[in-house]
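Student: need coordinates for the below:
(2 chains)
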Amino acid sequence: MYSVSKYIHIENGIIFENGKQIVDSNTTDFSEFIKQVYRNFEHIYPKFYKMDDLCKLAYIASELVLKDETEKDIALLFSNNEGSLDTDNKHQQSIQNSNAYFPSPAVFVYTLPNIAIGEVSIRHQLKSESAFFIASEYQTDYMHKYTEHLLRTNKAKKVLCGWVHCLNGAYKACFYLVETNGILEHNNQNIKQITK
Amino acid sequence: MAVYIHSSNCISPLGFTTKDNFQALLSGRSAIEKIFINDAIGTIYAGTINNQLFDAHFQSIDTHFNGSQIEKLLIAALYSVIKEHPVKPDSVLIFSTTKGNISALAANQLNDAFIPKTIHNINTYFGFKTEPVVISNACVSGVMALSIAKRLIESGAFSNAFVVAADELTPFVISGFQSFQAMSNEVCKPYDKNRNGINLGEAAAAVYVSDTFSANAITIAGEANINDANHISGPSRTGEGLVLSIEKALKEAQKTTTDIDYISAHGTATLYNDEMEAIAFNRMQLQNVPLNSLKAYYGHTLGASGLLESIVAIESLKTNTLVPSLGFKEQGTSQSINIITKQEQKLLKTILKTASGFGGSNSAIVLTKNK
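Tutor: Numbering: from 1, shown residues only, chains lettered A, B, ... in the order given. Here you go, the predicted model:
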C-alpha cells in the first residue's frame, strides 16, 4: 500500500496545497502570477527566468511539493495533453516566413516537454527515473499502476506525478507525491480527485 | 515475470521491412544525402523517406486512408506486426515520438498537432480497446518506450503491448538544430576525430512485446532511465546519468559488464555527446566491448531512433553479426572505446542498447536471446 504525502493544485492564480488554499493572487495572468509565486520563495534560482512557461509551472509546482524534501531518489512522471505546443508555436513563428527567419536555440530547446523534467531534476539534483507522458487527459489507471511498480521494484523511493498544462495563456498543474506513508491512500479515486 | 520482444518492423529510407533494413546496413548503404529543404534552410545532409516509394508501399496496405503522413508511417510500421499478432482486448499501443505531427503547425492546423489526436486515430484504426500511452522524452523516447512497455506488463496493467515510434524530417526540427549549430555539413562521423555534428533523419518502427515466452523472442532483461540533473541541452561531462542507467539495467538483468557482447550506442556525432558516452563506457569498464552507432546510416531519427536501433541490434543479436559503425575512421574521444570497423560474425548472447538526449535524459536496456 502506498500513500499520497502531499498534493498541489494550481489554476487561475490560485494555489491549493493538500486541498487548502495557500495562494490567491490578484491576477490570473500567467506570467504575472508565476513571478509573484516565485518571488515569495526563499530559494533564489535565476535560471527560473530563462525557462518557458511550461517549465516555470512545473518548477513552481515541484518546488511547492519538494521544498522540505531530503530524499533524492524521486522519480518524476509528468504529463499533459499538448506536449510543448506552447513553445512549439513560438519556434514555428520564428521560421514561418523566410523573410523573417530567426530560429533561436534558447526557444528551440524548450520544444521538448521533457525539458520540464530536466529543469526540476537539476534544481533538486534528482539523478532518478523519469518520463514524460502525453494523453488527452490524466491517465489515472496506468499512472497509478506504473507509479506503484516503480516503488515496488525499488526503481524509486518516492514518485512525483504531475499534470502540467500550459497553452496560449491557459494553465493548470496538479502534482502529487507518492511514497510509503502519507495523508491519502494512493488509489484511483483519490488520484482522480487530485487531478480534477 | 519476464517480458519478451517478438516481431518487429521498420519503415525507413533504407527499407520498409526489418529484413530489408538490416540487409541495407550489411551492404553498407547510408540514407544520408544532400537535399534541398527550402530557401531559408537551404541544402542539408539528411535521411529522408522517398515519397513515391513509400506511397506505393502504403497502397499495398490501404488504398483509402488519407490521414497525415505520420499516421501513414505509423500504420505502415504497425501493419505487419499486428498481422502477425492480432490486437487483443487488453493490448495497449505505446507511441514514442518527440514531435508527432508537428508539420501541421506550418499549415496553421494547431488541432492536428496534438499528439493524442494522431495516436487516437491509429488506436481506432487498429481496433485497440485501451487508452494509448505516449512517451515524449527527447532522443531516449524509443528506448524508454520499450522500458515502460516492460514495466507496464510486469505491473499487470496489460499483458501485451505494441510499441511504435516515429518522427518525421521537418523544417521545424531542422531549423532548430541549425540554430544550435549542431548539424554536420557532410555524412556524420560518430566517435571520429573529425566529427562535426549530426544528420537528421526520419523513420517509423514497431515491435510486439508480451509476457509470453517464445524461443525466438528476445528478453528485456533489465532497463533504466536516469537523468543527469546537470544541463537541459548538454550531456553531463562525467556521463553520470548514462553510467547510472547502465549500472541499474545490468543489475536488474543480473549481468555484469563482462557479459555484454555488443553495445548499440547513441553516437550522434556531436563533440559532446560522443565524448560523454566514451567517458561513461570507460567508467563502466565497457571500453573493450564492440560498439557502434547507426547515425551515419539513418541520421538521427529522434523519437524513432531508440526503437529503430534496438530492432537493428536485435537482428545483430539473432544473426550473431556485428554491423560496422559507419563514418568512423580515427578515435576521436579522449578515452578509447572499441568501435566496430568491419562486419564480423561473433557469438552474441547479451547486448546493451543506450540512448541519451536533451533534458539530461539517458536510457539503457539489456537484451538477451533465449536460444
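Student: alpha carbons only for contacts and neighbour counts from here, please
Tutor: OK.
Student: just the pLDDT at A:I15, thanks.
Tutor: A:I15 is assigned 98 on the pLDDT scale.
Student: can you check A:I10 too?
Tutor: So, for A:I10, pLDDT stands at 98.
Student: and if you look at A:S98?
Tutor: 87.
Student: quick check: it vs A:I115, distance?
Tutor: From A:S98 across to A:I115, the span is 28 Å (Cα to Cα, to the nearest Å).
Student: those two: who's more crowded?
Tutor: A:I115 (27 against 12; other Cα atoms under 10 Å in any protein chain shown).
Student: isn't B:L146 right up against B:V164?
Tutor: No - when contacts are counted by Cα atoms under 8 Å, B:L146 is not listed as touching B:V164 (9.4 Å).
Student: of those two, which one has the most company?
Tutor: Ranked by neighbour count (other Cα under 10 Å), B:L146 and B:V164 place B:V164 first, with 31 against 28.
Student: and that one, bridged to which residues?
Tutor: B:V164 has these beta-bridge partners by DSSP bridges: B:F95, B:A206.
Student: could you pull up the residues touching it?
Tutor: Shown in contact with B:V164 (Cα atoms under 8 Å, 6 or more residues apart in numbering or on different chains): B:L74, B:A77, B:L78, B:L93, B:I94, B:F95, B:S96, B:A204, B:A205, B:A206, B:V207, B:L307.
Student: can you put those in TSV and add pLDDT?
Tutor: Shown next, in TSV, are these (pLDDT from 0 to 100):
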residue	pLDDT
B:L74	98
B:A77	99
B:L78	98
B:L93	98
B:I94	98
B:F95	98
B:S96	98
B:A204	99
B:A205	99
B:A206	99
B:V207	98
B:L307	98
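Student: looking at neighbours, which among those is most surrounded?
Tutor: B:S96 (36 neighbours).
Student: circling back: mind listing the shared neighbours of B:L146 and B:V164?
Tutor: Shared contacts of B:L146 and B:V164, defined by Cα under 8 Å, 6+ apart, comprise B:L307.
Student: and the strands in chain A?
Tutor: A:3-11, A:14-17, A:20-24, A:74-80, A:130-134, A:158-167, A:170-179, A:184-185 (DSSP state E).
Student: which stretch among these comes nearest chain B?
Tutor: Chain B lies closest, by Cα to the nearest Cα, to one member of the strands of chain A: strand A:130-134, at 4.8 Å.
Student: and that closest one, what does it pack against?
Tutor: Counting contacts by 3 or more Cα pairs under 8 Å, 6 or more residues apart in numbering or on different chains; DSSP states H and E, strand A:130-134 packs against strand A:74-80, helix A:115-124, strand B:133-135.
Student: including mean pLDDT and distance to A:I60, could these go into TSV?
Tutor: Putting the helices and strands packed on strand A:130-134 into TSV (pLDDT from 0 to 100; distance: least, Cα to Cα, whole Å) gives the following:
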stretch	mean pLDDT	distance to A:I60
strand A:74-80	98	14
helix A:115-124	98	9
strand B:133-135	98	23
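Student: closest one to B:L322 among these?
Tutor: With Cα to Cα, the closest approach to B:L322 among the helices and strands packed on strand A:130-134 belongs to strand B:133-135: 29.6 Å.
Student: so that closest one, near chain A or not?
Tutor: Yes - using Cα under 8 Å from any Cα of the partner chain, we find that strand B:133-135 touches chain A at B:V133, B:V134, B:I135.
Student: partners of that strand, with directions?
Tutor: Applying DSSP bridges, one finds strand B:133-135 paired with strand A:130-134 (antiparallel), strand B:91-96 (parallel).
Student: nearest to B:D259, of those?
Tutor: Of all these, strand A:130-134 sits nearest to B:D259, with 27.0 Å by Cα to Cα.
Student: now the closest one, how far from the chain's geometric center?
Tutor: On the basis of Cα atoms, centre = their mean, to the nearest Å, strand A:130-134 is displaced by 11 Å from the centre of the chain it belongs to.
Student: what's the closest non-adjacent residue to the residue of chain B positioned farthest from its centre?
Tutor: Here chain B reaches farthest from its C-alpha mean at B:D39, the gap being 30.1 Å by Cα atoms, centre = their mean. Of all residues not flanking B:D39 in the chain, A:S98 sits nearest, at 6.8 Å (Cα to Cα, 6 or more residues apart in numbering or on different chains).
Student: now A:C166, which residues is it bridged with?
Tutor: When bridges are called by DSSP bridges, A:C166 pairs up with A:Y171.
Student: how close does it sit to A:T87?
Tutor: The gap separating A:C166 from A:T87 is 9 Å, by Cα to Cα.
Student: which strands or helices does the host helix or strand of B:N282 pack on?
Tutor: Here B:N282, judged by DSSP states H and E, is contained in helix B:271-283. Counting contacts by 3+ Cα pairs under 8 Å, 6+ apart, helix B:271-283 is packed against helix B:240-253.
Student: the helix it packs on and chain A, are they touching?
Tutor: Yes - shown here: helix B:240-253 in contact with chain A (Cα under 8 Å from any Cα) through B:G241.
Student: so what does that helix touch, helix or strand wise?
Tutor: Helices and strands touching helix B:240-253, by 3+ Cα pairs under 8 Å, 6+ apart, are strand B:218-224, helix B:271-283, strand B:350-357, strand B:361-369.
Student: what's in contact with that helix?
Tutor: Contacts to helix B:240-253, defined as Cα under 8 Å, 6+ apart, come from residues A:127, B:221-229, B:256-257, B:277, B:280-281, B:283-284, B:354, B:356, B:360-366.
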